[in-house]
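K.L.:
this is the structure alone, sequence omitted:
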């Protein structure tokens, strides 16, 4: 297997994107199966500056959360975790906010864009579990959970109209504005997270990109840096990516099929050498 040959004997850093979780039932943003949005993703300035925007976001999130949180790791997530256990993968930078890598058993994970499992107060910085915030939202908006939405997106945002009258829940400690602990569009990745991701890449010897179109610069910059360092770059994805011209190896295929084969390639015992004849 060409991919196994490229990775063998090298410290592998994985850069994972939304396509990693499509086989777990979480739609991606730009892949061939991505749903069409009726509204663009939430922008940071809009969320911070508009009470109406916050109400719209949390109303849609309340509906989308149960399906989002019920998603289970796919074969690709489990394969990446197994490659870490086998000593092949030494670091994982994920652009996903679903924590499915953690659920699969990966330990060396850097969440580039945060995680929807947490809610952060913009005033005092307190973190709250999203599950607890869900209960608070339901108490403040009885009957709202009975509304139906056709699907949700990679950020847990459900398609929902008519959010007038929805009550937003503020921070229980200081009554500040609560925001999902993720990086919205137009928001910068926190510096400590960026520094940890750069350090992970610097310690690697090959970059494996999985399930990302690399359209967003926060992910593409790692591919560009790997190319500058002359590190081999392998990309596994359905559809073209921004990093294809820089790739050493490009594999078009389903992640849940390609990565388990990669695991088997590293599990296979080395071929035995025939004893020399006397």
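P.N.:
Now that the structure is in, tell me what you want to look at. What you see is a predicted model, and the numbers here were worked out from it, not measured in a lab.
K.L.:
buried residues in the helix or strand hosting residue 78, which are they?
P.N.:
Per DSSP states H and E: residue 78 is located in helix 75-85. Residues of helix 75-85 classed as buried: 75, 76, 77, 78, 79, 80, 81, 82, 83, 84 (neighbour count, 16 or more other CB atoms under 10 Å). Every residue, glycine included, has its C-beta placed from N, CA and C.
K.L.:
any idea how far that helix is from the chain center?
P.N.:
15 Å (CA atoms, centre = their mean, to the nearest Å).
K.L.:
that helix packs against which elements?
P.N.:
strand 12-16, strand 89-94, helix 100-104, helix 255-267 (3 or more CB pairs under 8 Å, 6 or more residues apart in numbering; DSSP states H and E).
K.L.:
quick check: angle from the last one to strand 12-16?
P.N.:
Comparing the axes of helix 255-267 and strand 12-16 via axes from the mean of the first three to the mean of the last three CA atoms, to 10 degrees yields an angle of 170 degrees.
K.L.:
which helices and strands does helix 255-267 pack with?
P.N.:
So helix 255-267, by 3+ CB pairs under 8 Å, 6+ apart, packs with helix 2-7, helix 75-85, strand 233-237.
K.L.:
at which residues are the strands of this protein located?
P.N.:
For the chain, the strands defined by DSSP state E cover 12-16, 89-94, 109-111, 114-121, 127-129, 178-182, 206-210, 233-237, 249-252.
K.L.:
mean pLDDT and distance to residue 138 for the helices and strands packed on helix 75-85 - can I get that in a markdown table?
P.N.:
Shown next, in a markdown table, are those (pLDDT from 0 to 100; distance: least, CB to CB, whole Å):
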| stretch | mean pLDDT | distance to residue 138 |
| --- | --- | --- |
| strand 12-16 | 98 | 32 |
| strand 89-94 | 98 | 29 |
| helix 100-104 | 98 | 24 |
| helix 255-267 | 96 | 34 |
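K.L.:
which of these sits closest to residue 68?
P.N.:
helix 100-104 (10.5 Å; CB to CB).
K.L.:
which elements pack onto the closest one?
P.N.:
helix 75-85.
K.L.:
neighbouring contacts of the helix it packs on?
P.N.:
The contact list for helix 75-85 (CB atoms under 8 Å, 6 or more residues apart in numbering) reads 12, 14, 16, 20-21, 23-24, 73, 89-90, 92, 100-101, 103-108, 210-211, 255-257, 259-260, 262-263, 266.
K.L.:
in PyMOL, how would I select the buried members of those?
P.N.:
What follows is the PyMOL syntax for the buried subset of the contacts of helix 75-85, where burial is set by 16+ other CB under 10 Å:
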select buried, resi 12+14+16+20+21+23+24+73+89+90+92+100+101+104+106+210+211+255+256+259+262+263
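K.L.:
what's around residue 191, how many residues?
P.N.:
8 (other CB atoms under 10 Å).
K.L.:
surely residue 95 meets residue 112?
P.N.:
Yes - Residue 95 is within contact range of residue 112, at 5.2 Å (criterion: CB atoms under 8 Å).
K.L.:
can you check which residues contact both of those two?
P.N.:
218, 219.
K.L.:
circling back: adding mean pLDDT and distance to residue 121, write the helices and strands packed on helix 255-267 out as CSV.
P.N.:
Output for the helices and strands packed on helix 255-267, formatted as CSV (pLDDT from 0 to 100; distance: least, CB to CB, whole Å):
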stretch, mean pLDDT, distance to residue 121
helix 2-7, 97, 42
helix 75-85, 98, 30
strand 233-237, 98, 36
